[in-house]
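Engineer: just coords:
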């Protein structure tokens, strides 16, 4: 290795566990579906940190192909910030526009997850759909949060495995969301239909917000989080992002 930035497997394990634990503390997974969402996120982190501190597979593969065109592409820690190398950024890689943008995206992602959970928890206590706060804008803000965190890491440290994994994970989260929506639709019927009719799933309508009337409290089903149980809701509970 050109420096000691790789082969640091304890850091691979430590960083992976740290970011997983951080997400669990915000997401509060309970159901099998919740844990599948966490599993997809965790797989992304394993692939990311393995290349960030373990073995720079992407640099090896691209170095032989693009090495003559991009001399900064080498097996150092700075070389792993591929966007900087490919755009010719020669300053501190941790201060590049890509790296700074990654901090914003990752922080915003965790904020979405945590803020949405508070709304879900309150809605669960009153046995109703969560239609306020972030849920007034999108039906799945917590899934948006996970995807935003992954986008942040891609801005900071893109690798071939994570670039391939990202669209697959988008598809996985979309399927999980649709599955949750079917369950919530059965539970809340017309209330859910009215909410889903004008609230987009993942991408908010800028400048077109309409207030969603609060559905009445429901007490006929307390079998799970989609029915409003007061413990950690499901990524969609309300809408599909837990409740």
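Structural biologist: Okay, I see it. This one's a predicted model, so the numbers in the text were calculated from it and none came from an experiment.

Engineer: Is it correct that residue 206 falls within a strand?
Structural biologist: No: using DSSP: H, G, I helix; E, B strand; the rest coil, the secondary structure at residue 206 is coil, not a strand.

Engineer: Going along the chain, name the helices of this structure.
Structural biologist: For the chain, the helices defined by DSSP state H cover 9-27, 32-49, 57-66, 82-87, 97-125, 141-156, 160-188, 190-198.

Engineer: for the first one, packing partners?
Structural biologist: The reference is to helix 9-27. helix 32-49, helix 97-125, helix 141-156 (3 or more C-beta pairs under 8 Å, 6 or more residues apart in numbering; DSSP states H and E). From N, CA and C alone the C-beta is placed, and that goes for glycine too.

Engineer: Can you say which of these is packed in most?
Structural biologist: Highest mean neighbour count among the helices and strands packed on helix 9-27 (mean count of other C-beta atoms under 10 Å): helix 141-156, with a mean of 24.

Engineer: how far is that one from where the chain is centred?
Structural biologist: Taking C-alpha atoms, centre = their mean, to the nearest Å, the mean C-alpha location of helix 141-156 is offset from the chain mean by 4 Å.

Engineer: swap in stretch 91-100?
Structural biologist: Computed by C-alpha atoms, centre = their mean, the chain-centroid distance of stretch 91-100 equals 22 Å.

Engineer: Show residues contacting it.
Structural biologist: Taking contacts as C-beta atoms under 8 Å, 6 or more residues apart in numbering, the residues outside stretch 91-100 that touch it are 78, 81, 83, 84, 89, 155, 156.

Engineer: Can you tell me how far the last one is from residue 106?
Structural biologist: Distance of residue 156 to residue 106, given as C-beta to C-beta, to the nearest Å: 8 Å.

Engineer: And for the fifth one?
Structural biologist: In this view, residue 89 and residue 106 are 20 Å apart by C-beta to C-beta.

Engineer: Any chance of TSV for the helices of the chain, columns mean pLDDT?
Structural biologist: Written out in TSV, the entries for the helices of the chain read as follows (pLDDT from 0 to 100):
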stretch	mean pLDDT
helix 9-27	93
helix 32-49	93
helix 57-66	63
helix 82-87	77
helix 97-125	92
helix 141-156	95
helix 160-188	92
helix 190-198	92
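
Engineer: Just give me the residue closest to the centre of the chain.
Structural biologist: Nearest residue to the geometric centre of the chain (C-alpha atoms, centre = their mean): residue 146, 0.7 Å.
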